[in-house]
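>>> Kindly return the folded structure for what I paste below:
(chains A and B)
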Amino acid sequence: EPEVTQTPSHQVTQMGQEVILRCVPISNHLYFYWYRQILGQKVEFLVSFYNNEISEKSEIFDDQFSVERPDGSNFTLKIRSTKLEDSAMYFCASSNPITGGYTFGSGTRLTVV
Amino acid sequence: AQSVTQLGSHVSVSEGALVLLRCNYSSSVPPYLFWYVQYPNQGLQLLLKYTSAATLVKGINGFEAEFKKSETSFHLTKPSAHMSDAAEYFCAVRRSQGNLIFGKGTKLSVKP
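Okay, here's the model as predicted:
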């Protein structure tokens, strides 16, 4: 079963620092996503990416955030100048609308101190 | 606009009892619906999905869900709960733009 791979699994960073969360989507998937889950809350959509550009973003995804697909396999989420409230689990997902496949990675737990 | 409502933030059942987790959706187009399970400190694992084929969908670990358009529901069931089923369960609907809208989740406890 193909997997979405996320690294690192845990990251602790100081407030104000920049972090980059990495994801390797499933190779034949076309759409890529980032979601966020603050501890004890529901999963929230951040951004979707298709054909090398952002296709949709939520109100959470402000100028502090950016995404990139720097090569043919990686998909990254950059958070500039992290804040305490950015502490959350961040999930990457990829999908193939033709097959209906929609797969999440195991997440990166970000702790901002 | 699509949305999902999960009734009951916490459900407790005895081992061997029926599990029923409720999900109602709102969608202006034929929906794609999903159930995910999340074990403590872990990621989201797909249990099953409805993509407009058979209305009764069978998933992993003995779970199934029935799509009922007239009731706008997609409830998750399992005939006999096992201790290992204790987890949080999320229902989600896929928007036409592709991203998922999640419910608030239902935490399932299984008593011995």
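
>>> Of all residues in chain A, which one is closest to chain B?
Relative to chain B, the nearest point of chain A is A:S106 (3.6 Å; CB to the nearest CB). Heads up, the C-betas are built off the backbone N, CA and C, glycines and all.

>>> For the residue lying closest to that residue once chain neighbours are set aside, give me its contacts.
Excluding the flanking residues, the one nearest A:S106 by CB to CB, 6 or more residues apart in numbering or on different chains is B:G43, at 3.6 Å. If you count contacts by CB atoms under 8 Å, 6 or more residues apart in numbering or on different chains, B:G43 has them with A:91, A:104-107.

>>> Can you classify B:G43 by secondary structure?
coil (DSSP: H, G, I helix; E, B strand; the rest coil).

>>> could you measure it against A:S48, distance?
19 Å (CB to CB, to the nearest Å).

>>> before we move on, what about B:L46?
When B:L46 is compared with A:S48 (using CB to CB), they lie 18 Å apart.

>>> Between the two, which is the more surrounded one?
When B:L46 and A:S48 are compared for neighbours, A:S48 comes out ahead with 24 against 16, by other CB atoms under 10 Å in any protein chain shown.

>>> What pLDDT is listed against the more buried one?
On the pLDDT scale, A:S48 is placed at 96.

>>> That one is in what secondary structure piece?
For A:S48, the host element (DSSP states H and E) is strand A:44-50.

>>> after that strand, next one along is what?
Next along the chain after strand A:44-50, taking DSSP H and E as the criterion, comes strand A:53-57.

>>> Could you figure out how far that following strand is turned away from strand A:44-50?
Relative orientation of strand A:53-57 and strand A:44-50, computed by axes from the mean of the first three to the mean of the last three CA atoms, to 10 degrees: 150 degrees.

>>> State the distance from the residue of chain B found nearest chain A to A:Y90.
Going by CB to the nearest CB, chain A is nearest to B:G43 of chain B, at 3.6 Å. Taking CB to CB as the measure, B:G43 falls 11 Å from A:Y90.

>>> for chain A, which strand is longest?
Criterion DSSP state E: the longest strand present in chain A is strand A:88-96.

>>> For that strand, name the packing helices and strands.
strand A:5-7, strand A:19-24, strand A:31-37, strand A:75-79, strand A:101-104, strand A:108-112 (3 or more CB pairs under 8 Å, 6 or more residues apart in numbering or on different chains; DSSP states H and E).
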